[in-house]
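In: Just to be clear, the model below is a prediction. Sequence and coordinates:
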Amino acid sequence: MDSFLSAWQAFHFLRPWWFVGLVPVVLIISFYSWHKRHAGNWATIINPELLPFLMQGQGQSHSNGLSAKALITALTFAWIICLTSLAGPTWQQLPQPVHKQDSALIAVFDLSPSMLAEDLTPNRLVRGRYKLIDILKRRTEGVSGLVVYGGDAHTVSPLTEDSNTIVSLVPVLHPTLLPQYGSNVEEALEAAVSLAISGGYQKADILLITDGVDPSAISEIKSIIADRGEFRLSVLGVGTTGGAPIPLGSGGFVKDTSGNVIIPKLNINDLRRIAAANNGIYQTISIDNQDIDNLLDAMESLFGESTQQTDRSFDLWNDRGHLLALLLIPILLLSFRKGAVVVLLLVPLLFQSNTVEAFEWKDLWATSDQQGAKALELGDAESAKSLFKDPLWRGSAAYKAGDFEQASDNFSTDDTAGGHYNQGNALAKSGNLDGALKAYQRALDLRPEMVDAQFNHDLLEQLKEQQEQEQEQDQEQEQQSSDQEQDQQPSNQEQGDDSEQSDENSEASEEQPSEQDPEQQGESEPSEEQSEEQSGEGKEQENNKSKQQSEADAAEAEMTDEEKQEQRKIDAMLRRIPDDPGGLLRAKFRYESQMRKQQRSPPDQERW
């Protein structure tokens, strides 16, 4: 009984627009009834049982034994059955899982000071960042993560399917973000392996982007990669064999203890040996994409066959319309000799297709979710957002289209950890940090091991603390400025007499003749052309300034006093925001370094 009720609640039509075909049936039946009523007044004076035989054509039977009324009734039922079949009645879902590549790539990026060497233009660091961004953009499937290292290692991003999140962080990577300088590649590789294992991957690709590895670390690298799973290490060498000195921000170059300038060189043989010992390949950075192509092809050759069944799957409804065609058999048998009429009713069934673009009648052949999936696959997220009926898919499309408010509303219907995590991402993108923190916390309550939610939660907390500190500083400065204005008011009144005396002195100075030599005056006077150009430029600048000032005055005049005060606060706050996109990463790395300080001993020597 429960199964019947659930099936009845889920019953619907996949293509209900086919019922528009009932309009001709209604018109034909109405016309037939109207014609029968207006056929004449014989029914009032002739026995109804004799009337069909006396009226011309009414008593004639068809050779198949069907009267005209019976034939019309049979054709009507046949037409309704055909339309119902084409409308796609269904009450049962058949989940259609989506399989995708399940490979993992952890990029390990070297942020040692030697990456600032300028043997590559503009330097090794910038060229390495460009290559990392290109690699992440080329990976359309699988998960990616990022670890950076100097004197110690730090995780910039856990494993995630959204490579654009990592791409947005790459341009701010710089050795000054790290609390310790050095080249502790062993700790970085251990962090990369741990990152893969915590994400549920026992095999993954690790890409080391560096300008060199100390020979003493080669043997330890092999044990780190081989002991904990099926991991493969590939290396992208950044630099040249000739090398270049490391510039200092204050001028000059980095020197060793003996006072000699350090010139780090790219040791291709060591890096190639590391990659070969760990089942990877080595590539030297190039000006074209040949190095990226070789690295990505090698990664797919080992783990390219790895796929997983994703939770995000399209629910395919089981179309049962074809079963209704069995009801046409009795009508076909009764219309044996005149069966051509009924066969014509079966012709529309031959056009039933699963293609989305048949005759451009998309609503006839595919559901809205199927059309939305097709649009999303083609990159048209804006159209997909309006096509999807499923709220989760509509939220995903809205998120990709940049409509974060709608995405947040759609994700709120999903009370799972993934739903709250997606809602948190949308709220964070829309600027609602408090709501995003609550959504991430709810996701962690449901799934405490959700690394992505924990990372985003911590990142937003740091951002919120920074904003609160900036607001407190703004309030203090506003208070100080108001106090200073009050203190300056009496002093301005006392200075009134002094200003008058200064005006008299200025007038006297203007009356004195110039003692400058006439020849010098002639040399100092500009030519007529220069004076015209300067006067023209000055007039243009003055016009632009006056125009901007007038626009600003007009806009300010339209605002109320409260709006003006609020605008001044916003301007002051914006001026106080530091131009340091890597500030959050720097604070995060410093905090992690302090937490680890008591848990490990520092390296024997710093390796650049």
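Out: On my side now, so go ahead.
In: Tell me both backbone torsions, phi and psi, for Ile106.
Out: Torsion angles at Ile106 (phi, psi; degrees, to the nearest 10) stand at phi -110, psi 120.
In: got it, and Leu327?
Out: Dihedral angles for Leu327 - degrees, to the nearest 10 - are phi -70, psi -10.
In: check which helix or strand covers the closest residue to it other than its chain neighbours.
Out: Once flanking residues are discounted, Leu327 sits nearest to Ile81: 5.2 Å by C-beta to C-beta, 6 or more residues apart in numbering. C-beta coordinates here come from the backbone N, C-alpha and C atoms, glycine included. Using DSSP states H and E, Ile81 maps to helix 68-87.
In: In the stretch 301-450 of the chain, where is pLDDT below threshold?
Out: Within the stretch 301-450 of the chain, the stretches with pLDDT under 70 are 301-316, 332-366.
In: Quick check: Arg596 vs Leu437, distance?
Out: 26 Å (C-beta to C-beta, to the nearest Å).
In: circling back to that earlier point, mind exporting the C-alpha coordinates of the helix holding Ile81 to CSV?
Out: Taking Å, rounded to 0.1, in the frame of the first residue of the first chain, the C-alpha atoms of helix 68-87 are listed here in CSV:
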residue,chain,number,x,y,z
ALA,A,68,-20.5,6.3,-37.5
LYS,A,69,-21.0,7.1,-33.9
ALA,A,70,-19.0,4.1,-32.8
LEU,A,71,-16.2,4.9,-35.2
ILE,A,72,-15.9,8.5,-34.0
THR,A,73,-15.9,7.2,-30.4
ALA,A,74,-13.1,4.6,-31.2
LEU,A,75,-11.0,7.3,-33.0
THR,A,76,-11.4,9.6,-30.1
PHE,A,77,-10.2,7.1,-27.6
ALA,A,78,-7.3,6.1,-29.9
TRP,A,79,-6.3,9.7,-30.2
ILE,A,80,-6.4,10.3,-26.4
ILE,A,81,-4.3,7.1,-25.8
CYS,A,82,-1.7,8.3,-28.3
LEU,A,83,-1.4,11.7,-26.7
THR,A,84,-1.2,10.2,-23.3
SER,A,85,1.6,7.9,-24.4
LEU,A,86,3.5,10.7,-26.0
ALA,A,87,3.1,12.9,-22.9
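In: List the buried residues of that helix.
Out: 71, 74-87 (16 or more other C-beta atoms under 10 Å).
In: for the record, mean pLDDT for it?
Out: Helix 68-87 comes out with an average pLDDT of 80.
In: by contact count, what packs against that helix?
Out: helix 22-37, helix 328-334, helix 339-350 (3 or more C-beta pairs under 8 Å, 6 or more residues apart in numbering; DSSP states H and E).
In: Would you mind giving the orientation angle of the longest one with respect to helix 68-87?
Out: Our comparison of helix 22-37 with helix 68-87, counting by axes from the mean of the first three to the mean of the last three C-alpha atoms, to 10 degrees, yields an angle of 170 degrees.
In: same for helix 22-37, what does it pack against?
Out: helix 68-87.
In: Neighbouring strands - and their directions - for the next helix or strand after the helix it packs on?
Out: For helix 68-87, the succeeding helix or strand toward the C-terminus, using DSSP H and E, is strand 89-90. For strand 89-90, the pairing partners within the sheet under DSSP bridges are strand 12-13 (antiparallel).
In: What average pLDDT does the strand it pairs with get?
Out: 86.
In: cool, and stretch 176-187?
Out: On average, stretch 176-187 scores 91.
In: For that stretch, list every residue counted as buried.
Out: Buried-residue list, stretch 176-187, by 16+ other C-beta under 10 Å: Leu177, Leu178, Pro179, Gln180, Tyr181, Gly182, Ser183, Asn184, Val185, Glu186, Glu187.
In: check contacts around the last one.
Out: The contact partners of Glu187, taken as C-beta atoms under 8 Å, 6 or more residues apart in numbering, are Tyr149, Asp152, Ala153.
In: and with 10 Å instead?
Out: Val147, Tyr149, Gly151, Asp152, Ala153, His154, Ile224, Arg596, Arg600, Pro603 (C-beta atoms under 10 Å, 6 or more residues apart in numbering).
In: Over to the third one?
Out: Counting by C-beta under 10 Å, 6+ apart, Pro179 touches Gly150, Gly151, Asp152, His154, Arg586, Phe589, Arg590, Tyr591, Glu592, Ser593, Gln594, Lys597.
In: Please, where are all the strands along this structure?
Out: 12-13, 89-90, 93-96, 99-101, 104-110, 143-149, 153-160, 203-210, 230-237, 282-284, 307-309, 314-317 (DSSP state E).
In: can you tell me which of these comes nearest to Leu444?
Out: strand 153-160 (13.7 Å; C-beta to C-beta).
In: Output the closest one as PDB, nothing but the C-alphas.
Out: What follows is strand 153-160, C-alpha atoms only, in PDB (Å, rounded to 0.1, in the frame of the first residue of the first chain):
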ATOM      1  CA  ALA A 153      55.600  23.800   4.500                       C
ATOM      2  CA  HIS A 154      52.100  25.100   4.500                       C
ATOM      3  CA  THR A 155      48.900  24.000   2.800                       C
ATOM      4  CA  VAL A 156      47.400  26.800   0.700                       C
ATOM      5  CA  SER A 157      44.400  24.800  -0.500                       C
ATOM      6  CA  PRO A 158      43.100  21.300   0.400                       C
ATOM      7  CA  LEU A 159      41.900  19.000  -2.400                       C
ATOM      8  CA  THR A 160      39.100  20.600  -4.300                       C
END
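In: Val261 contacts Ala117, correct?
Out: No - between Val261 and Ala117 no contact is recorded; they are 11.2 Å apart, counting by C-beta atoms under 10 Å.
In: Need the overlap of contacts for these two.
Out: Joint contacts of Val261 and Ala117 (C-beta under 10 Å, 6+ apart) are Pro245, Ile246, Phe253, Val254.
In: so what pLDDT did the first one get?
Out: Confidence at Pro245, expressed as pLDDT, is 93.
In: Is the residue lying closest to it once chain neighbours are set aside bridged to anything, and to what?
Out: Nearest residue to Pro245 in three dimensions, chain neighbours excluded: Phe253, at 3.9 Å (C-beta to C-beta, 6+ apart). Per DSSP bridges, the residues bridged to Phe253 are Pro247.
In: Pull the contacting residues for Phe253.
Out: Counted by C-beta under 10 Å, 6+ apart, Phe253 has contacts Ala117, Ala244, Pro245, Ile246, Pro247, Val261, Ile262, Ile263.
In: run the last query once more with 6 Å
Out: By C-beta atoms under 6 Å, 6 or more residues apart in numbering, the contact list for Phe253 reads Pro245, Ile246, Pro247, Val261.
In: Is it possible to mark the buried ones in the contacts of Pro179?
Out: Going by neighbour count (16+ other C-beta under 10 Å), the contacts of Pro179 have Gly150, Gly151, Asp152, His154, Arg586, Phe589 buried.
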